[in-house]
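S.K.: For reference, the sequence and a predicted model appear below.
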Number of protein chains: 2
Amino acid sequence: MTCARWIANPSYFYYMNDIYDPLLNYISNRIKVTEQDCLLIKDAFTPKSLDKKELLFEQGEVCTTTSFILKGSMRVFYLDKKGLEHVLYFGFPDWWVSDIGSFYQHTPSVLTGQALEKTELLVSTYEKMEELFAEVPRLERLFRIISQKNLAALQQRFLSTVSETADQRYLKLLKRAPNIEQLVPQHQIASYLGILPESFSRLKRQLHSK
Amino acid sequence: MTCARWIANPSYFYYMNDIYDPLLNYISNRIKVTEQDCLLIKDAFTPKSLDKKELLFEQGEVCTTTSFILKGSMRVFYLDKKGLEHVLYFGFPDWWVSDIGSFYQHTPSVLTGQALEKTELLVSTYEKMEELFAEVPRLERLFRIISQKNLAALQQRFLSTVSETADQRYLKLLKRAPNIEQLVPQHQIASYLGILPESFSRLKRQLHSK
DNA sequence: CTCAAATCTTAACATAGATCAATTGTTTCA
DNA sequence: TGAAACAATTGATCTATGTTAAGATTTGAG
């Protein structure tokens, strides 16, 4: 019985409170998985909880984990030589967080992953993921598709950053994530947009005065 | 017999002039493939030649192809609303070129792929690639890894763009690709760096005067 | 409940890079 | 070979955003 059918089955609710459900749902909504696959997936992930501001991985150390967010929110940022932080992305439930370069090439991480609030994760390691890919080859497909989507999204973000002004990027962000201002503090949004909090404050005033 | 062993075999030279060799080498250097796989891979790709300035795919039209460069060079750029071009990346032999977002989501392309000189490619389509992934599942792994590497590289590029000045990015580029100035015209390098040709010219003068 | 820390706003000034315009050098191909 | 298109340089000016500094507001830990 595939996970998809198992979920459609009324007995599903018996399992509903399992902490792994969001991950199994996420996966089974995207690829076909058997019940056996689900067991292997569960085996590869360990629950973890982070307090507000706690770090999941840190610049300079090899990032050995990739994590699926169950509850809460994260930010992944780069700390530059001048000491300024640049948010690469925010993470919310159903998102993956890692320094993908460090994770796959076992090099020191460029990025830091930090919880913006109390956050629940399912954490896996490089070895466990490789094992899992060997056991459940369709997952390889899923992660190919995830990477390709992320790549396309980052391409857009990059091109938007080099071709548009900060206010155009801000208005686009608001369209894409209208509730972002409720979710993360304003100086983090500025950092995501690639400007300083002071400039962001100015930008908002100018937009409102029109 | 795997491709890797087949290549080690002296009889390999018999096949050496085959136009598909660079692609088969590229793949067999990265994953194990059987001779049968090699035949399927060849089936999925068609040779194509582009003249200087000819387009491989174009902004606004769905990019239905993904291509492996055999000879020559390409640039992939975004044309913004003001009419300015922004180079996302250059492509050289052994590189893949496509608008990955358009290719996988069948949406209009944001990017244009253009030959910088006479260029030879092996071209595949979405359908052929999906078929190939089904026939040769290990390719799914290869393309997952390629996407993840590209993603990590683009993350670095993005963070470098938001945290460093144009001259720092230029010096980094020179380290990574010391012969880039021989390969592509100067205004294309400016575009890759995210600045205008005038600014790039000035930047170079200032660097030399030190 | 309170106070320190974190966050946000505002203002004056500095700067990297854009814009506009003119000049010269370099391909290209008829 | 020579005209036209393309590419690179330079200068003057402009603008978005950075920098610095100060005060105002909000938040959260004890």
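M.R.: All right, it came through fine.

S.K.: alpha carbons only for contacts and neighbour counts from here, please
M.R.: OK.

S.K.: So which bits of the strand or helix carrying A:Gln168 are buried?
M.R.: Assigned by DSSP states H and E, A:Gln168 belongs to helix A:166-176. By neighbour count with 16 or more other CA atoms under 10 Å in any protein chain shown, helix A:166-176 contains the buried residues A:166, A:169-170, A:173.

S.K.: Next one: the longest helix seen in chain A, is it in contact with chain B?
M.R.: Using DSSP state H, we find that the single longest helix of chain A is helix A:137-163. Yes: Helix A:137-163 reaches chain B (CA under 8 Å from any CA of the partner chain) through A:137, A:140-141, A:143-145, A:147-155, A:158-159, A:162-163.

S.K.: Quick one: buried ones out of those?
M.R.: For these, a burial check counting by 16+ other CA under 10 Å picks out A:137, A:140-141, A:143-145, A:147-152, A:154-155, A:158-159, A:162-163.

S.K.: any weak-confidence spans in chain A?
M.R.: Applying pLDDT under 70 to chain A flags residues A:1-16, A:210.

S.K.: ok, the residue of it found nearest chain B to DNA strand C distance?
M.R.: Taking CA to the nearest CA, chain B has its nearest neighbour within chain A at A:Arg144, 4.0 Å off. Separation of A:Arg144 from DNA strand C (CA to the nearest atom of the strand, to the nearest Å) stands at 34 Å.

S.K.: Surely A:Lys53 touches A:Gly113?
M.R.: No: contact criterion CA atoms under 8 Å: A:Lys53 and A:Gly113 do not qualify, at 9.4 Å.

S.K.: For these two, indicate the residue with more neighbours.
M.R.: A:Gly113 (26 against 15; other CA atoms under 10 Å in any protein chain shown).

S.K.: Contacts for the helix or strand where the more buried one lies next, please.
M.R.: Using DSSP H and E, A:Gly113 maps to strand A:112-115. Applying CA atoms under 8 Å, 6 or more residues apart in numbering or on different chains, the set of residues contacting strand A:112-115 from outside is A:50-59, A:72-79, A:97-99.

S.K.: neighbouring strands for that strand, and are they parallel or not?
M.R.: Counting by DSSP bridges, the strands paired with strand A:112-115 are strand A:55-57 (antiparallel), strand A:74-79 (antiparallel).

S.K.: What ranges does chain A have for its strands?
M.R.: Applying DSSP state E to chain A gives strands spanning A:46-50, A:55-57, A:65-71, A:74-79, A:85-91, A:96-97, A:112-115, A:119-125.

S.K.: Indicate which one of these is closest to B:Thr65.
M.R.: Among the strands of chain A, strand A:96-97 comes nearest to B:Thr65, with 28.5 Å by CA to CA.

S.K.: Give the other helices and strands that that closest one contacts.
M.R.: Here strand A:96-97 touches strand A:65-71, going by 3 or more CA pairs under 8 Å, 6 or more residues apart in numbering or on different chains; DSSP states H and E.

S.K.: Kindly calculate the angle that the strand it packs on makes with strand A:85-91.
M.R.: Orientation check (axes from the mean of the first three to the mean of the last three CA atoms, to 10 degrees): strand A:65-71 against strand A:85-91 gives 60 degrees.

S.K.: distance between strand A:65-71 and the chain's centre?
M.R.: 7 Å (CA atoms, centre = their mean, to the nearest Å).

S.K.: do the same with stretch A:144-156
M.R.: The answer for stretch A:144-156 is 12 Å, by CA atoms, centre = their mean.

S.K.: Could you export that stretch as CSV, CA atoms only?
M.R.: Only the C-alpha atoms of stretch A:144-156 are listed here, as CSV (Å, rounded to 0.1, in the frame of the first residue of the first chain):
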residue,chain,number,x,y,z
ARG,A,144,16.6,16.7,-8.0
ILE,A,145,13.3,18.5,-8.5
ILE,A,146,13.6,20.5,-5.2
SER,A,147,17.1,21.6,-6.2
GLN,A,148,16.1,22.6,-9.6
LYS,A,149,13.2,24.7,-8.3
ASN,A,150,15.4,26.3,-5.7
LEU,A,151,17.9,27.1,-8.4
ALA,A,152,15.3,28.7,-10.7
ALA,A,153,14.0,30.7,-7.7
LEU,A,154,17.5,31.9,-6.8
GLN,A,155,18.2,32.8,-10.4
GLN,A,156,15.1,35.1,-10.4
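
S.K.: Name the residues that touch it?
M.R.: Contact partners of stretch A:144-156, identified using CA under 8 Å, 6+ apart, comprise B:88, B:100-101, B:140-141, B:143-145, B:147-148, B:150-151, B:154-155.
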